[in-house]
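Student: Provided below for reference: sequence and predicted model.
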Amino acid sequence: MPLNIDWQQILLHLLNFTILFAILYFLLYKPVKAFMEKRKQEYEKREEETQSKLAEAEKTKAQYEQKLQNADKEIRELKEQARADASKAAEARISDARTEAEKLVSRAKSEAQKEHDEIVASAQEDIARTAAEAAEKIIAESTSQAYDSFLASVERSESHDK
Amino acid sequence: MSKKQKRISLLVFALVIAALLIGVFLTGNSGSKGESIQELMQNEVLHETNKISLFGLIDVNPGLISAFLVTAVLFVFALIVRIFVIPRFRNVPGKFQTVLEEAVGLFDRLAKSNSPHRNRFLGAYVFTAGTYIFVGTLFELFGFQAVTTQGISTALTAPLSDINGAIALGFLSYGVILVGGITANGLRGLGRTLKEFSLPISMSFRLFGALLSGALVTGLVYYYISLSFVLPVIVGVLFTLLHAVIQAYVLTMLTALFYGEVTEIKHNPKTSKRAAVPAAGDLTANAIGGTKQ
C-alpha cells in the first residue's frame, strides 16, 4: 500500500479506540453525566418547591389582608349601625315623650273643661237655689208685681249665660 | 555574601556555561551516529524501518504502541476517578470535580448544540475522540522510549501522527455519522452522508498532517544540536499543546456538525400537514371563543 498504510494496523487502532470508548463511557462519561443530571434535577426541584411555597405565602398574605380589610369594614358598619340605632332610639323616646305630653295636655284641658262645666253647673244650681229662695221670700213678702220683676231678672241671667 | 563574592560566583557560572557550549559544538554532530536527517524524516512519515514488535507477533508502527499506552493510561486514570473521586462528588464541586464536569459538559454541549436529535451516543463519541486526540498528542511530550526491531531506541510518537491511526479515527468518525444518518433518516440519511464522501479522507489527513508536522518539526529541531536549546520549548508548545487542543476541537466539532446535519429530521409534507391540522383547529377554536366572548 502507498504511504505504508496497513489494514491490520488500522483495525488494531480501531480496536484500541473501541476499547477506549467503552472504558471512557462507562467509567467517566456516564457517571459524571448522571451526577450532573441528578444535581440539575435536584436544583430544579428545589427551585420549583421554593416557587410554590412563595406563591402559597403570597396567597396567604393576600388572604390575610383581605380578612383585615373585611374586619375594618365590618367594624365600621357595626359602628354606623350602633349610631343609627342610638339615634333611632333617641328619636323614638323623644316622640314618645311628645305624645305623652300631648296626651297630658289634652287630658288636663279636658279635665279643666269638665271642672269648668261642673263649676258652671253648680253655680247655676246655686243661682237657681238662691233665686228660688229669693222668689219664695218675695212671694212671701210681696205681690204679683214682684213676681213679674223676678221673672224678668231670671230671663236676663239666662240670656247672659248663653 | 559580599558583592565581590557574588561577582566571582556569577563569573564562574558564566565561564562554565561557555566552556560547556564550546565543548558541545566542538565534539561535533552526534546525531549523525544514528540515522541521517533524510532517514529520520522518511521514517517519521512512513515508518518503513522503525517498527516495533508487538508481543513478538507482528511488527507495528510506534504510533500503535502509543495508542495502546494511551488507552492503558486513560483506563487507569478513569478507574481511579471512578472508584475514588466520583462517589465523593458534591453538589458544589471542588477543583478536580470542576475539571471533570467541564470536560464532560463541554463535549456534551458540543453534541447537543450541533445535533439536536439523537445526541446521546454522539456526546459519548466526541468525548472519547476528543480525549483520545488530546491525551494522545500530549503523550508525545513525554518522549517515552521504545526499542525498534533494528535495535535503535526511538521516542514514541503521537498515535495519530501514524497514518494508520489517523485513517482509523477519520473513517470511524465518518462511520459514526453514516450510522447516525441511517438510523435517523433511513435512505435519505445514507444519501446525505454519502454526499460528503470526501469527509473521511479530509478528516484522516487533517489529523495525520497536523500531528505529523509537529513530530517532524520537533524531530528536526532535536536532530541539530545547535537548535536544541531554547527552541524545543517553543516548538513543543506550538506543535504539541496547540495541536492537542486544536485538533481535538476540530475533529469533534466536524463530527458533531455533520452528524447533526444528517440526523436532522426534515419536515416532509406528510408530517407538516399533520402538524398543521391541530394548529388550524386551535385557530378556529380561538375564533369561536372570540365570537362567544
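Tutor: Cool, the structure landed.
Student: Any idea which residue is closest to the centre of chain A?
Tutor: A:Gln81 (3.9 Å; C-alpha atoms, centre = their mean).
Student: And it, how far from chain B?
Tutor: 42 Å (C-beta to the nearest C-beta, to the nearest Å). C-beta: built from backbone N, CA, C; applies to glycine.
Student: neighbours around residue 62, how many?
Tutor: Since no chain was named, I'll use chain A. Counted with other C-beta atoms under 10 Å in any protein chain shown, the neighbours of A:Ala62 add up to 10.
Student: that's the other chain; I wanted chain B
Tutor: Neighbour tally, B:Pro62, other C-beta under 10 Å: 24.
Student: so where's the longest helix in chain A?
Tutor: Assignment by DSSP state H gives helix A:30-141 as the longest helix of chain A.
Student: Tell me which other helices or strands that one touches.
Tutor: Secondary structure elements in contact with helix A:30-141, counted by 3 or more C-beta pairs under 8 Å, 6 or more residues apart in numbering or on different chains; DSSP states H and E, are helix A:144-161, helix B:95-114.
Student: which of those helices is buried the deepest?
Tutor: Stretch with highest mean neighbour count among the helices and strands packed on helix A:30-141: helix B:95-114 (a mean of 17; mean count of other C-beta atoms under 10 Å in any protein chain shown).
Student: Which helix or strand lies directly C-terminal to it?
Tutor: helix B:120-142 (DSSP states H and E).
Student: Please save the CA atoms from the helix or strand harbouring B:His243 in PDB.
Tutor: Assigned by DSSP H and E, B:His243 belongs to helix B:242-263. Extracted C-alpha coordinates of helix B:242-263, given in PDB (Å, rounded to 0.1, in the frame of the first residue of the first chain):
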ATOM      1  CA  LEU B 242      -1.800  23.800  20.500                       C
ATOM      2  CA  HIS B 243      -2.300  20.900  18.200                       C
ATOM      3  CA  ALA B 244      -3.700  18.800  21.000                       C
ATOM      4  CA  VAL B 245      -6.300  21.400  21.700                       C
ATOM      5  CA  ILE B 246      -7.000  22.500  18.100                       C
ATOM      6  CA  GLN B 247      -7.200  19.000  16.600                       C
ATOM      7  CA  ALA B 248      -9.300  17.600  19.400                       C
ATOM      8  CA  TYR B 249     -11.700  20.600  18.800                       C
ATOM      9  CA  VAL B 250     -11.700  20.400  15.000                       C
ATOM     10  CA  LEU B 251     -12.400  16.700  14.700                       C
ATOM     11  CA  THR B 252     -15.100  16.600  17.400                       C
ATOM     12  CA  MET B 253     -16.600  19.800  16.000                       C
ATOM     13  CA  LEU B 254     -16.700  18.500  12.500                       C
ATOM     14  CA  THR B 255     -18.100  15.100  13.600                       C
ATOM     15  CA  ALA B 256     -20.800  16.800  15.600                       C
ATOM     16  CA  LEU B 257     -21.700  19.200  12.900                       C
ATOM     17  CA  PHE B 258     -22.100  16.600  10.100                       C
ATOM     18  CA  TYR B 259     -23.800  14.200  12.500                       C
ATOM     19  CA  GLY B 260     -26.300  17.000  13.300                       C
ATOM     20  CA  GLU B 261     -26.800  17.700   9.600                       C
ATOM     21  CA  VAL B 262     -27.500  14.100   8.600                       C
ATOM     22  CA  THR B 263     -29.700  13.300  11.600                       C
END
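Student: Any buried residues in that helix, and which?
Tutor: For helix B:242-263, a neighbour-count test (16 or more other C-beta atoms under 10 Å in any protein chain shown) marks B:243-244, B:247-248, B:250-252, B:254-256, B:258-263 as buried.
Student: what's the helix or strand for the nearest residue in space to B:Leu199 that is not next to it in sequence?
Tutor: Residue nearest to B:Leu199 in three dimensions, not counting chain neighbours: B:Tyr174, with 5.5 Å by C-beta to C-beta, 6 or more residues apart in numbering or on different chains. Here B:Tyr174 sits within helix B:163-185, counting by DSSP H and E.
Student: Output the contacting helices and strands for that helix.
Tutor: Helix B:163-185 packs on helix A:7-24, helix B:62-80, helix B:120-142, helix B:187-194, helix B:199-223, helix B:242-263, going by 3+ C-beta pairs under 8 Å, 6+ apart.
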